[in-house]
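Engineer: the following comprises the amino acid sequence and a computationally predicted model.
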Amino acid sequence: MNLEQQLTERLNTLAPSHLEVINESAGHGGYFPGKESHFKVIIVSEVFAGLRLVQRHQKVYAVAAELLSPSKIHALAIHAYLPSEWQGEAPTSPECAHAPKV
């Protein structure tokens, strides 16, 4: 099972009504086909009710902890929403200064 699948499996424990796990590794320096190092997560769940943004992120980090290391996931962008907050679109990711130039 690749890192994206493992991350998805762990995030599903937060009972999301919407979940997107996007591998953004290709937009970062040192990329090669198959590399999994940079991910963006969009997660919508009632488990975030009453939590501040930092606490929502801590919940995501807690379930993904085993995958967050230099030899696995290097960077994780988290967009965590309650269903009442979700507008159907998350912010776009900034371009990496070390991204391969096409």
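Structural biologist: Looks like it came in fine. Predicted model only: the values in this text are computed from it and were never measured.
Engineer: for residue 78, give its distance to residue 64.
Structural biologist: Counting by C-beta to C-beta, to the nearest Å, the gap from residue 78 to residue 64 is 9 Å. Heads up, the C-betas are built off the backbone N, CA and C, glycines and all.
Engineer: tell me where this structure has strands.
Structural biologist: Residue ranges of the strands in the chain, as given by DSSP state E, are 18-23, 38-44, 75-81.
Engineer: residue contacts, the residue positioned nearest the centre of the chain?
Structural biologist: Most central in the chain under C-alpha atoms, centre = their mean is residue 41, positioned 2.7 Å from the mean C-alpha point. Residue 41 makes contact with 7, 11, 19-22, 60, 76-80, according to C-beta atoms under 8 Å, 6 or more residues apart in numbering.
Engineer: and if you look at residue 45?
Structural biologist: 14-17, 80-83.
Engineer: please apply the same query to residue 49.
Structural biologist: residue 82 are the contacts of residue 49 under C-beta under 8 Å, 6+ apart.
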